[in-house]
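> Could you work out the structure for the sequence below:
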Amino acid sequence: MEELDWSKLGFGYRPTSYNVRCYYRDGKWGEIEVCSDEYIKLHMAATALHYGQEAFEGLKAYRCPDGKVRLFRVEENAARLQRTADATLMPQVPTERFVEMARKVVRLNQQHIPTYESGATLYLRPLLIGVSPQVGVHPAKDYLFLIFVTPVGPYFKGGFSANHYVIIRDYDRAAPLGMGTFKVGGNYAASMRANAIAHSKGYASEFYLDSKEKKYVDECGAANFFGIKNNTYITPKSTSILPSITNKSLMQIAEDLGMKVEHRPVPEEELESFEEAGACGTAAVISPISHLDDLDTGKVYAFGDKPGPWSTKLYETLRGIQYGTVEDRHGWTSVVIE
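Numbering: from 1, shown residues only. So this is what the prediction gives:
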């Protein structure tokens, strides 16, 4: 195993030994290739560079207390990438190929998987890009699918602790009928300025209202939002929100724990009625929100300076499933290394 103080890892890129690649040429996917090079040789007119023909995913491998290494809901990531591929006129990566490559890249880099005690994980980044040249706005003929890995610590400093967020109205992450429901880089580029503004003001992240009317809750930066009141887990429904696999899992766990679940539009004014609130996603898992500031109106929505009881229970249950310490009732995890 790599000699490293895993507990001090931040959420950033660190080189690892191998990545895996597969090319789509002449209308079909080729063989899986193992590569130690961190760089891609890419044509300067590739559609990924000019016309946004790219999609990516994020998932984690967990070294568990029983010594095994597990992946979490990898088929869901494959399915979401397929939906994004359809939206950007790229060929789908078959689920079987996606899963095979994910398992292979974890095994190849097992010396880089952090210890269980550290709380760090091995982050997998699948990437699909158009590589053949186009000058007009047309889809590529050839594509590259690759997965690289890097060990990461908590997305937010302090791990599972409450963070401050701020409502940003001057910028939108995605259009109502645009690409918001798909995991493409353009959505993240569109969020960088708002994110920088939030950080400059001392907040953990920005908070978006819907881009059409600015009346409904949309997303917490690059994560889904949830609010809790009256033993009910409530998360926004909209045409510009990326369907989070973590949020989907939390909705099921909430039901398993006896909570009601509502997936519906959430008006901004409803924020003040929530007893707990948080952001959720692969990177952060759950990031409880301590308070949400609306600088335009002066309103402050307060949810508590510490993670609430339901957020804590949801977090502990999800993490327990991922690490194999809580019963996996729904068959979400798969063992990669015994």
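
> So in terms of bridging, what pairs with Pro126?
Note on Pro126: beta-bridge partners Ile147, judged by DSSP bridges.

> where does it land on pLDDT?
Looking at Pro126, its pLDDT stands at 98.

> okay but Asp305 is in contact with Ser290, surely?
Yes: between Asp305 and Ser290 a contact is recorded at 5.1 Å, counting by CB atoms under 8 Å. Glycine gets a C-beta too; all of them are placed from N, C-alpha and C.

> out of the two, which sits in the busier spot?
Ser290 (17 against 11; other CB atoms under 10 Å).

> contacting residues for the more buried one?
Ala162, Asn163, His164, Ala302, Phe303, Gly304, Asp305, Lys306 (CB atoms under 8 Å, 6 or more residues apart in numbering).

> Then Asp294?
Neighbours of Asp294 in contact, by CB under 8 Å, 6+ apart: Val166, Ile167, Val300, Tyr301.

> The host helix or strand of the second one: partners in the sheet, and parallel or antiparallel?
Element membership of Ile167, judged by DSSP states H and E, is strand 163-168. Applying DSSP bridges to the sheet, strand 163-168 is found paired with strand 205-208 (parallel), strand 285-294 (parallel).

> Now find how far off-centre it is within its chain.
19 Å (CA atoms, centre = their mean, to the nearest Å).

> Just after it, pick out the following helix or strand.
helix 185-200.

> That next one versus strand 285-294: what angle between them?
Using axes from the mean of the first three to the mean of the last three CA atoms, to 10 degrees, the direction of helix 185-200 lies 60 degrees away from that of strand 285-294.

> Which strands and helices lie in contact with helix 185-200?
strand 163-168, strand 205-208 (3 or more CB pairs under 8 Å, 6 or more residues apart in numbering; DSSP states H and E).

> Contacts only, for the closest residue to Leu9 other than its chain neighbours.
Once flanking residues are discounted, Leu9 sits nearest to Gly153: 3.4 Å by CB to CB, 6 or more residues apart in numbering. Neighbouring residues of Gly153 by CB under 8 Å, 6+ apart: Trp6, Ser7, Lys8, Leu9, Gly10, Phe11, Ser118, Gly119, Ala120.

> try Ser238
Pro176, Gly180, Asp210, Tyr216, Asp218, Pro265.

> With Lys299 as the reference, measure out to the closest residue to the fourth one other than its chain neighbours.
This points to Tyr216. In space, and not counting its chain neighbours, Tyr216 is closest to Asp210: 4.3 Å by CB to CB, 6+ apart. Distance, Asp210 to Lys299, using CB to CB, to the nearest Å: 17 Å.

> between the two, who's got more neighbours?
Asp210 (23 against 14).

> do you know how far Ala279 is from Glu262?
Ala279 is 18 Å from Glu262, by CB to CB.

> which of these two has more neighbours?
Ala279 (29 against 14).

> So that one belongs to a helix, correct?
No: secondary structure assignment (DSSP: H, G, I helix; E, B strand; the rest coil) places Ala279 in strand, not in a helix.

> Now a PyMOL select for only the buried ones of the contacts of Asp294.
Selection of buried members from the contacts of Asp294 for PyMOL, criterion 16 or more other CB atoms under 10 Å:
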select buried, resi 166+167+301
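
> How about the residue nearest in space to the middle of the chain: what's its closest non-neighbour residue?
Nearest to the mean C-alpha position of the chain, by CA atoms, centre = their mean, lies Thr282 at 4.1 Å. Excluding its sequence neighbours, the residue lying closest to Thr282 (CB to CB, 6+ apart) is Gly58, at 4.6 Å.

> so how far does stretch 260-278 reach from one end to the other?
End-to-end distance of stretch 260-278: 17 Å, with CA to CA, to the nearest Å as the criterion.

> tally of neighbours for Ser273?
Count around Ser273 with other CB under 10 Å applied: 11.

> That one is in contact with Lys229, isn't it?
Yes: using CB under 8 Å, Ser273 is in contact with Lys229, at 5.6 Å.
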